[in-house]
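Peer 1: okay, here's the prediction I keep looking at, along with the sequence it came from:
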Amino acid sequence: MEKVIVLLPTYNGEKYLRYQLDSIINQTYKNIDVYIRDDNSTDNTVAFIDEYCSKSIDGINFIKVDSNGKNLGYPDCFWELLKNVPQAEYYCFCDQDDWWSSQKIELSINYLKKVDNTIPAMTYCSFDYYNQDMKYLRNGENILKNYSFEKGMYYTYAPGFTQMINRALVEKLDFDYIIGKNLAHDIWCQWIATSVGKIVPNKSVLAKYRRHEAAVTSGNKSKLSSIKRWWNKEISGDEMEKWHQSLCYFKKAYINDFDNKDMKILDLFTNDEKTLTNKIKKVFYPKKLRTTLGGEIALRILFLIGKC
């Protein structure tokens, strides 16, 4: 059986961690090494990690990675883990507060086997949203009808906890270039798969994503407060500016790998010239770039005012 490595950073996750770790223990696939790096938690997270690392479980090993007292933060914890773990055929990203179906890893491998293992590839599954008490909210609606780099430039339809990537994709990663630039692991791998590799979606719901109270209750507020929250997050905030910077980094890293179509798209959206012509081309770009109407409007406003 091919080796699967699961990468799990933790930070103050004692309340939810056992739920996620037990879902890994219950996997039907049994050649898994789980590498856990704690980012200097101040609660009992490390005690939970030590407990699971001491367990004797057939086909599943929990391995604690020494942080050397360094607090790396998200997302460099994932990158440092991926950089330093041994070589394997397949790799998964894991969050400390979610849950995986028992067949998640087995089915993900089956999907990745549809692709030649020399091609950088990623599979990802559907998921459901739950509240912090794990009561069902809704489906993630993250499976698309067709795939391209263009469709995922400005949103992550394959969040990290749904992904499995192959060794060929890992070999496309330049960790010395990536680490320290605040580049999200999931969107970076999604971009590689859709631009220079292959993406294989799995419609099965194989994960539960826990939404914490602030995110769940925000939908119950007044329209005015919702608009203010939208403005502060999408327009006043710097989220999309960081996203734009990530696109610029990605173009620089893989400039020799793109086909002409993707290169033209990247040339347009990484062009920082604040000329009227450049703004108009972005604002009136004919394809949808975000999943929600609010997100789409916000992005076009940011193009117009020159923040992206």
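Peer 2: Cool, got the structure. Numbering: from 1, shown residues only.

Peer 1: please identify the helix or strand for A47.
Peer 2: Under the criterion of DSSP states H and E, A47 resides in helix 45-53.

Peer 1: which residues are in contact with that helix?
Peer 2: With contact meaning Cβ atoms under 8 Å, 6 or more residues apart in numbering, helix 45-53 is reached by 10-14, 17-18, 21, 36, 38, 62-64, 96. (Each C-beta comes from the backbone N, C-alpha and C, glycine too.)

Peer 1: report the two of those residues separated the most.
Peer 2: The largest separation in the contacts of helix 45-53, counting by Cβ to Cβ, is between N12 and I63 at 20.6 Å.

Peer 1: contacting residues for W191?
Peer 2: When the contact criterion is Cβ under 8 Å, 6+ apart, the partners of W191 are 149, 152-153, 250.

Peer 1: per-residue pLDDT, it?
Peer 2: W191 is assigned 97 on the pLDDT scale.

Peer 1: mind telling me what element it is part of?
Peer 2: In the assignment (DSSP H and E), W191 maps to helix 185-195.

Peer 1: Y285 now?
Peer 2: Here Y285 sits in a region with no helix or strand, counting by DSSP H and E.

Peer 1: and for T123?
Peer 2: Secondary structure (DSSP H and E) places T123 in strand 121-130.

Peer 1: what does P9 give?
Peer 2: Counting by DSSP H and E, the element that carries P9 is strand 4-10.

Peer 1: which residues make contact with that strand from outside it?
Peer 2: If you take Cβ under 8 Å, 6+ apart as the criterion, strand 4-10 is touched by 17, 20, 24, 29, 31-39, 41, 45, 49, 74, 77-78, 81-82, 85-86, 88-96, 105, 109, 164.

Peer 1: quick check: buried residues in it?
Peer 2: Buried residues in strand 4-10, counted by 16 or more other Cβ atoms under 10 Å: 4-10.

Peer 1: please apply the same query to stretch 118-128.
Peer 2: Neighbour-count burial for stretch 118-128 flags 120-128 (criterion: 16+ other Cβ under 10 Å).

Peer 1: redo those as a markdown table? Include distance to R138.
Peer 2: Output for the buried residues of stretch 118-128, formatted as a markdown table (distance: Cβ to Cβ, whole Å):
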| residue | distance to R138 |
| --- | --- |
| P120 | 32 |
| A121 | 29 |
| M122 | 24 |
| T123 | 23 |
| Y124 | 18 |
| C125 | 16 |
| S126 | 12 |
| F127 | 10 |
| D128 | 7 |
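
Peer 1: partner strands of the strand holding P9, with direction?
Peer 2: Strand partners for strand 4-10, identified by DSSP bridges, are recorded as strand 32-38 (parallel), strand 90-93 (parallel).

Peer 1: so how far is the first one from its chain's centroid?
Peer 2: The reference is to strand 32-38. Centre-to-centre, strand 32-38 and its host chain are 17 Å apart (Cα atoms, centre = their mean, to the nearest Å).

Peer 1: try the shortest one
Peer 2: Taking Cα atoms, centre = their mean, one finds strand 90-93 lying 11 Å from the centre of the chain it belongs to.

Peer 1: tell me the mean pLDDT for that strand?
Peer 2: The average of the pLDDT scores along strand 90-93 is 98.

Peer 1: in it, which residues are buried?
Peer 2: Buried-residue list, strand 90-93, by 16+ other Cβ under 10 Å: 90-93.

Peer 1: ok, so of the contacts of W191, who is nearest Q132?
Peer 2: G152 (27.9 Å).

Peer 1: phi and psi next, for S108.
Peer 2: Taking degrees, to the nearest 10, you get phi -60, psi -40 for the backbone angles of S108.

Peer 1: chain neighbours aside, what residue packs nearest to it?
Peer 2: M164 (3.9 Å; Cβ to Cβ, 6 or more residues apart in numbering).
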